[in-house]
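1. Generate coordinates for the sequence data below:
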Amino acid sequence: MEAFTKLTAVAAPLDLANCDTDKIIPGRFLRKLRGPGYDKLAFHDIRFNADGGENPDFVLNKAPYRNAKILVAAANFGCGSSREAAVYVMFDFGIRCVIAPSFGDIHYGNELQNGMLPVVLPDAVCAALRAQLNADPGAIVGVDLDTQKVTGPDGAVYPFDIDANAKERLLKGLDDIGLVMQYGSEIEAFEHRHAAAMPWLT
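-> Residues are numbered from 1 along each chain as shown. Just a heads-up that it's a prediction; the model follows:
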């Protein structure tokens with residue numbers, strides 16, 4: 001997967017608590033294979049009107065936020081079902097980091113597993129960041145995984161916690177398979193020794 005180290009980018013405020021995975025990608029799209037145009041499914045039913053036209057009130061349809069790579073959300077982001085596609089559509093849309101007071105547990109893990117950084121900050125901090133982003137559309141937020149700090153549009157710095165193992169994997173761009181393949185030569189050597197010692201098992 002793609003590594004995450006530092007990101008300084010336009011951030012979009014999503015003033016929507018309990019944004020579940022069905023809002024991120026509606027269930028009827030889950031059979032669609034990931035490929036060109038997959039990004040158009042992100043937040044589909046709140047991003048588009050029934051006639052297929054864009055909802056002008058949805059934040060990611062507004063010009064200053066169209067290329068946002070950071071999303072500052074409200075509490076319980078990614079709750080609901082465990083669909084990993086909710087991460088795929090955001091990643092393909094260009095979102096690399098979601099900052100929120102809390103996440104659905106499985107969605108939090110899915111973001112980490114797919115090269116996105118979920119950042120948990122206090123509710124009051126997230127609300128203040130969203131207020132700044134609403135007041136100054138197109139404002140920049142910085143996220144530094146190595147130092148575990150978020151820098152708001154006003155220059156205020158907010159530390160965040162992350163599991164040490166998850167942090168290392170993101171910095172190196174390692175998913176579960178990549179983590180195992182770091183030890184490819186050792187695994188191969190073991191298989192040779194095992195086959196030589198117990199040939200009847202091969």
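2. tell me the centre residue of the protein?
-> The structure's the chain has its C-alpha centroid closest to M116; by C-alpha atoms, centre = their mean the separation is 3.5 Å.
3. residues touching that residue, list them.
-> M116 makes contact with 4, 87, 90-91, 95-98, according to C-beta atoms under 8 Å, 6 or more residues apart in numbering. No exception for glycine: its C-beta is placed from N, CA and C like everyone else's.
4. was I right about P64 contacting V10?
-> Yes. Using C-beta atoms under 8 Å, P64 is in contact with V10, at 7.0 Å.
5. And the two? Which one has more around it.
-> In terms of neighbours (other C-beta atoms under 10 Å), V10 is the more surrounded of P64 and V10; the figures are 18 against 14.
6. helix/strand/coil for the more buried one?
-> When classified by DSSP: H, G, I helix; E, B strand; the rest coil, V10 comes out as strand.
7. cool, V119 as well?
-> Relying on three-state DSSP, one would call V119 strand.
8. after the helix or strand bottoming out on mean pLDDT in the chain, next one along is what?
-> Least confident helix or strand of the chain, by mean pLDDT, DSSP states H and E, is helix 176-181 with a mean of 66. Where DSSP states H and E defines the elements, the next helix or strand beyond helix 176-181 is helix 184-197.
9. Check which residues of the helix or strand C126 falls within are buried.
-> Following DSSP H and E, one finds C126 within helix 123-135. For helix 123-135, the neighbour count (16 or more other C-beta atoms under 10 Å) marks 125-130, 132-133 as buried.
10. For those residues, give me JSON lines that also has distance to P26 and pLDDT.
-> JSON lines is the format used below for the buried residues of helix 123-135 (distance: C-beta to C-beta, whole Å; pLDDT from 0 to 100):
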{"residue": "V125", "distance to P26": "30", "pLDDT": "98"}
{"residue": "C126", "distance to P26": "25", "pLDDT": "98"}
{"residue": "A127", "distance to P26": "27", "pLDDT": "98"}
{"residue": "A128", "distance to P26": "31", "pLDDT": "97"}
{"residue": "L129", "distance to P26": "27", "pLDDT": "98"}
{"residue": "R130", "distance to P26": "24", "pLDDT": "98"}
{"residue": "Q132", "distance to P26": "30", "pLDDT": "97"}
{"residue": "L133", "distance to P26": "26", "pLDDT": "98"}
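11. from those, which single one is nearest T151?
-> L129 (10.4 Å; C-beta to C-beta).
12. residues touching that closest one, list them.
-> Going by C-beta under 8 Å, 6+ apart, L129 touches 11, 13, 72, 99, 121, 141, 152-153.
13. quick one: the strands in the chain?
-> 6-14, 70-73, 97-100, 117-120, 140-144, 149-151, 157-159 (DSSP state E).
14. what's the most buried one of those strands?
-> strand 70-73 (a mean of 26; mean count of other C-beta atoms under 10 Å).
15. what distance separates it from the middle of the whole chain?
-> When C-alpha coordinates are averaged (C-alpha atoms, centre = their mean, to the nearest Å), strand 70-73 and its chain have centres 10 Å apart.
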